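> Build me a model:
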Amino acid sequence: MSKIKPYKDSDLGKKEQVTQMFDTISGDYDGLNRVISFGIDIQWRKKVVKIVAESAPESILDVATGTGDLAINLAETSATRIVGFDISSGMLDIGKIKVAKKNLDSKIEMILGDSESMPFEDNSFDAITVAFGVRNFETLEHGLKEIYRVLKPGGTFVILETSMPDKTPYKQGYNFYTKNILPLIGKAFSKDRSAYKYLCESASVFPYGEALNNILRKVGFIDVEDFPQTFGVATIYKSSK
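Sure thing, here's the model as predicted:
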């Protein structure tokens, strides 16, 4: 598997670079996401909410919550406590504004911290979600083990992440779009061009499908399933503890 190039030429580690990147692009992030995905990411998140809602959780942790899109959507479930957790203060600041506008302050708490070393006790949450965040972990297995630790036995873990289409012509179309169109969109909409170059490159080399399923099983998750979305450009992974 190819090694992901650094976000920028820097002496900082991946974790620090990713934090810096998301702080920098936080103001552009929501709008650019809608453009890049043609708005389809909204439907993907709705499917995640539906999967989580099936287990009727009382508490949910949304890891790498960013600006809180998924955490806000999860308020539609039966959960009385939702925690949005992220390493980027810039992203969380925007998320807090969105939560306040939705009058969800009493249900959703936004917390700053490192997803690979979370300040929660073992077996704390009925459900945990991560949308477009696991590929930004400095060490994937460490991050997944930490999620496993704070998930209650029998709890539901759902990942939404980019993936690569395997079938023609979707594979060729995806490669053309990510290599030629996405950089132009990032250049036009964002003040940090290297950020979206990193996001594209990290998506292209991140394990997906059965490869990620096997990593989840190795960590200890059970009942692992994957559900490709929109010709395979994204995948939802469901598992349990």
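> chain center to stretch 170-180: distance?
21 Å (C-alpha atoms, centre = their mean, to the nearest Å).
> what comes up buried for that stretch?
Using 16 or more other C-beta atoms under 10 Å as the burial criterion, the residues of stretch 170-180 that qualify are 174, 178. All C-beta spots, glycine's among them, are computed from the backbone N, C-alpha and C.
> repeat for stretch 152-160
152, 155-160.
> What are the contacting residues of it?
44-45, 48, 51-52, 54-55, 57, 70, 123-132, 134, 147-148, 151, 212, 216, 221, 234-241 (C-beta atoms under 8 Å, 6 or more residues apart in numbering).
> try it again with 6 Å
44, 48, 51-52, 55, 123, 126-131, 134, 151, 236-241 (C-beta atoms under 6 Å, 6 or more residues apart in numbering).
> if we can go back for a sec, next step: the buried residues of stretch 152-160 restricted to strands.
Among the buried residues of stretch 152-160, DSSP state E puts 152, 155-160 in strands.
> Kindly reformat those as a markdown table containing distance to residue 38.
Shown next, in a markdown table, are these (distance: C-beta to C-beta, whole Å):
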| residue | distance to residue 38 |
| --- | --- |
| 152 | 36 |
| 155 | 33 |
| 156 | 28 |
| 157 | 28 |
| 158 | 23 |
| 159 | 21 |
| 160 | 16 |
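> Quick check: of the residues you listed, which lies closest to residue 31?
Set against residue 31, the nearest of those by C-beta to C-beta is residue 160 (19.2 Å).
> The closest one bridge partners, please.
Note on residue 160: beta-bridge partners residue 131, residue 236, judged by DSSP bridges.
> Next, work out how far apart it and residue 230 are.
Per C-beta to C-beta, to the nearest Å, residue 160 is found 12 Å from residue 230.
> Show me the helices in this protein, by range?
14-36, 40-53, 69-73, 89-101, 140-150, 170-176, 182-189, 193-205, 210-219 (DSSP state H).
> counting contacts, what elements does the fifth one pack onto?
Spelled out, that is helix 140-150. If you count contacts as 3 or more C-beta pairs under 6 Å, 6 or more residues apart in numbering; DSSP states H and E, helix 140-150 packs onto helix 210-219.
> list the buried ones in the helix it packs on?
Buried residues in helix 210-219 (16+ other C-beta under 10 Å): 212-213, 215-216, 219.
> re earlier: can the buried residues of stretch 152-160 go into JSON lines with extra columns for pLDDT and distance to residue 31?
JSON lines is the format used below for the buried residues of stretch 152-160 (pLDDT from 0 to 100; distance: C-beta to C-beta, whole Å):
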{"residue": "152", "pLDDT": "98", "distance to residue 31": "36"}
{"residue": "155", "pLDDT": "98", "distance to residue 31": "33"}
{"residue": "156", "pLDDT": "98", "distance to residue 31": "31"}
{"residue": "157", "pLDDT": "98", "distance to residue 31": "29"}
{"residue": "158", "pLDDT": "98", "distance to residue 31": "25"}
{"residue": "159", "pLDDT": "98", "distance to residue 31": "24"}
{"residue": "160", "pLDDT": "97", "distance to residue 31": "19"}
